[in-house]
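Visitor: Okay, here's the prediction I keep looking at, along with the sequence it came from:
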Amino acid sequence: MKHFLEQVDRSARHIIFPILVILIGILILKQIDMYERIVRIYHACLPVLLGVVVAFFMQPMIDRVQLYLPKRLSVFLVYIVFAVIVSLLLVVLVPIFYKQIIECVKMLPIWLERFKNILESYHIPYDFHSLLERNSLKEGSMFVVDTLCSTFSTAMDYGVAYLTGFFISIDVEFWKHCIYKVFKNAHRFSTFYHTASKIIYQYLLGTFLDLLFITVSTWCILSLSGFPNAFVYALLLALLNLFPYIGASIGLVLIVIVALLSYEHFPFLPIFLVWLLQQLESNVIQPMIFHKTMDVRPILSFAFIFISDAFFGIPGVILSPIFAAIAQIGFRSYLHAKENDTVGKWEDIWYDFDEVMQEENMKI
């Protein structure tokens, strides 16, 4: 562990100077009015860069199918099946989600009226409520419009990226040959690639199963209890559950607030069942899926909220915990590949840093 920490310290010292050079370069580009042009070029190239990421994520599935089918047929099959599955999910879930969002918007006047009664019961001035009502409705409408525009723009980028990833996967052997010709330590890159792609594949599959379990279970509990727009809140709870430490609590608090504004008598039983489900998911289901509880560093999750927002907008913020986990897997896979020639397993990459530190302290 001491050697690992020394390696991290050396790596941190090596990247300080390049970061300073990049920051100074950005300042110089701003002064000579070149920064905006470079940003436009970046936005034009972003779908291609995303295509590289798509090809990276698809390759583990292609490798598995390629054991039984020819290479090109494997690529076609994986990309087509994945596109069909996503399309079917969108066809089934988007109408439900859209309908329930519309119902939520229709509920806003009722919620505002009940919120007004709460304010009056605590003798909060009515003018404050009127201002809040106007601002909430105005900003809420603008938020919905901006979100829809951002989502459509992001969907177009993803579509181009998906096609780019497909063409990269078709010629993946050519790119491998180029890497082996250009880089002397290509075997290290190969170890990193196979380790990262394998662990990321396991993580994404496990995360999908975890989200599916929470969404379906919460949806069933809230629907059977007559909770309004149960699917929206079930999906929101599942996505917030990705954020470490506070995400699950925030999701439950939102459901509690909606219940307070929607019911005359608070529904204690469904709220208790949702809380019980969260405990079951975090202590039983998640370790069972991943063979170990998740360990994304909190500061990494927090930083990727802003990074993902800058790259992908609102969808990026929602998926930022997944991006943070992938970044952590990539970094740990890189450290593994620097010292090992064998492809790493889940236990080698997704170790619990706090547990390792406790073991090291006990040895000392």
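Guide: Yes, it's here.
Visitor: tell me what the helix or strand hosting residue 92 is packed against?
Guide: Secondary-structure assignment from DSSP states H and E places residue 92 in helix 71-121. Using 3 or more CB pairs under 8 Å, 6 or more residues apart in numbering; DSSP states H and E as the contact criterion, the neighbours of helix 71-121 among helices and strands are helix 35-65, helix 126-170, helix 230-240, helix 247-262. Where you see a C-beta, it was placed from the backbone N, CA and C, and this is true even at glycine.
Visitor: Which SSE is immediately downstream of the last one?
Guide: In other words, helix 247-262. Per DSSP H and E, the first helix or strand lying C-terminal to helix 247-262 is helix 268-280.
Visitor: Give me the mean pLDDT for that following helix.
Guide: Summarised as a single mean, pLDDT over helix 268-280 is 88.
Visitor: Please work out which residues outside that helix touch it.
Guide: 214, 217-218, 221-222, 224-225, 227, 237, 241, 248, 252, 255-256, 259 (CB atoms under 8 Å, 6 or more residues apart in numbering).
Visitor: one more time with 6 Å
Guide: Contacts made with helix 268-280 from outside it, assessed by CB atoms under 6 Å, 6 or more residues apart in numbering, are listed as 217-218, 221, 225, 248.
Visitor: possible to save those as JSON lines with distance to residue 38, neighbour count and secondary structure?
Guide: Written out in JSON lines, the entries for these read as follows (distance: CB to CB, whole Å; neighbours: other CB atoms under 10 Å; DSSP: H, G, I helix; E, B strand; the rest coil):
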{"residue": "217", "distance to residue 38": "47", "neighbour count": "20", "secondary structure": "helix"}
{"residue": "218", "distance to residue 38": "45", "neighbour count": "28", "secondary structure": "helix"}
{"residue": "221", "distance to residue 38": "50", "neighbour count": "20", "secondary structure": "helix"}
{"residue": "225", "distance to residue 38": "53", "neighbour count": "16", "secondary structure": "coil"}
{"residue": "248", "distance to residue 38": "40", "neighbour count": "22", "secondary structure": "helix"}
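Visitor: And the residues you listed, which two are furthest apart?
Guide: Taking CB to CB as the measure, those span a maximum distance of 19.3 Å, between 225 and 248.
Visitor: Mind pulling up the pLDDT for the residue lying closest to residue 297 once chain neighbours are set aside?
Guide: Taking CB to CB, 6 or more residues apart in numbering as the measure, residue 297 lies nearest to residue 328, with 6.7 Å between them; neighbours along the chain are not counted. pLDDT, the model's per-residue confidence, is 81 for residue 328.
Visitor: Sounds good, over and out.
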